[in-house]
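K.L.:
Mind looking at a prediction? Sequence and model below.
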Amino acid sequence: MSRPTSLSDTTLDGLTEIISEKPNDLAAEVAIARLYRAAAEGENASVDGATISENPSTRRLWESAETHALKVLSMEPRPNDARKQAIDIMYAKTFDFGEFTAATKYGVELVQTRRSAKDAYNLGLSLGRLQRFSDAEDAFLEAIRIDATYSDPYRSLSKLYSRINPELAAQVRETAMLIEARQALKQVILSPLGE
């Protein structure tokens with residue numbers, strides 16, 4: 001089989017054929033894991049009220065994504081793009097399945113290998129689920145340092161502070177609302193008339 005110029009345009013059958021011919025093809029493994037993840041997330045979004053663990057089809061899709069992501073991780077110890085994508089898939093899977101200790105492990109690796117406010121924020125969420133509130137606070141603050149216009153960490157900090165310092169919680173919540181209002185206003189100003 002001749003390899004397509006872009007794996008993102010290749011079907012699952014085509015990717016499976018690539019792997020059967022070349023079992024250690026990292027790019028194909030990552031592409032398969034991403035396809036399964038997208039299918040799992042799409043299916044889960046369309047199931048009203050069911051959690052992932054209650055939906056066998058979604059669970060199987062996530063488990064298939066996990067199989068391919070773990071294969072990438074076992075083949076690639078360096079922090080390259082293939083490994084980062086596999087770690088991202090494993091973070092999403094373990095968090096969605098409530099496996100917060102594993103999610104935290106993957107989240108720490110993501111934060112250490114790429115500078116992303118979303119990664120730091122997600123790490124804070126998994127740390128919060130483990131009731132490691134001081135570490136969660138540090139992760140949310142890191143997300144804000146990376147991108148001060150990302151409102152989600154402010155909202156999570158507000159929730160975190162609500163029991164210990166309600167005044168600080170209100171200030172942080174107000175900051176989140178101001179950021180969201182600015183982003184909405186910017187969207188309105190930049191959108192073409194008539195849309």
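P.N.:
Done, it's in. Predicted, not measured: the structure shown is a model, and the values here were computed from it.

K.L.:
contacts, neighbours, all on C-alpha from now
P.N.:
Noted.

K.L.:
Count the residues that sit near the closest residue to Asn24 other than its chain neighbours.
P.N.:
Nearest non-adjacent residue to Asn24, counting by C-alpha to C-alpha, 6 or more residues apart in numbering: Met75, 7.6 Å away. Neighbour count for Met75, taken as other C-alpha atoms under 10 Å: 13.

K.L.:
Check the spacing between Met75 and Val30 real quick.
P.N.:
Computed as C-alpha to C-alpha, to the nearest Å, the Met75 to Val30 distance reads 12 Å.

K.L.:
go on, Tyr161?
P.N.:
When Tyr161 is compared with Val30 (using C-alpha to C-alpha), they lie 39 Å apart.

K.L.:
quick one, which of the two is more surrounded?
P.N.:
The residue with the greater number of neighbours, taking Tyr161 and Val30 and applying other C-alpha under 10 Å, is Val30; the counts read 27 against 19.

K.L.:
Surely the more buried one touches Lys71?
P.N.:
No: contact status for Val30 versus Lys71: not in contact, 9.0 Å apart, counting by C-alpha atoms under 8 Å.

K.L.:
need the helices for this structure, in chain order.
P.N.:
With DSSP state H applied, the chain shows helices at 12-21, 26-46, 56-75, 81-96, 100-113, 117-129, 133-146, 151-161, 166-190, listed in chain order.

K.L.:
Show me what the third one is packed against.
P.N.:
Based on contacts counted as 3 or more C-alpha pairs under 8 Å, 6 or more residues apart in numbering; DSSP states H and E, the elements that helix 56-75 packs against are helix 26-46, helix 81-96.

K.L.:
Report the inter-axis angle for the lowest-mean-pLDDT helix or strand in the chain versus helix 26-46.
P.N.:
Ranked by mean pLDDT, DSSP states H and E, the helix or strand of the chain with the weakest confidence is helix 12-21, at a mean of 75. Compare the direction of helix 12-21 with that of helix 26-46 by axes from the mean of the first three to the mean of the last three C-alpha atoms, to 10 degrees and you get 150 degrees.

K.L.:
in helix 12-21, what counts as buried?
P.N.:
Judged by neighbour count (16 or more other C-alpha atoms under 10 Å), helix 12-21 contains these buried residues: 12, 14-16, 18-19.
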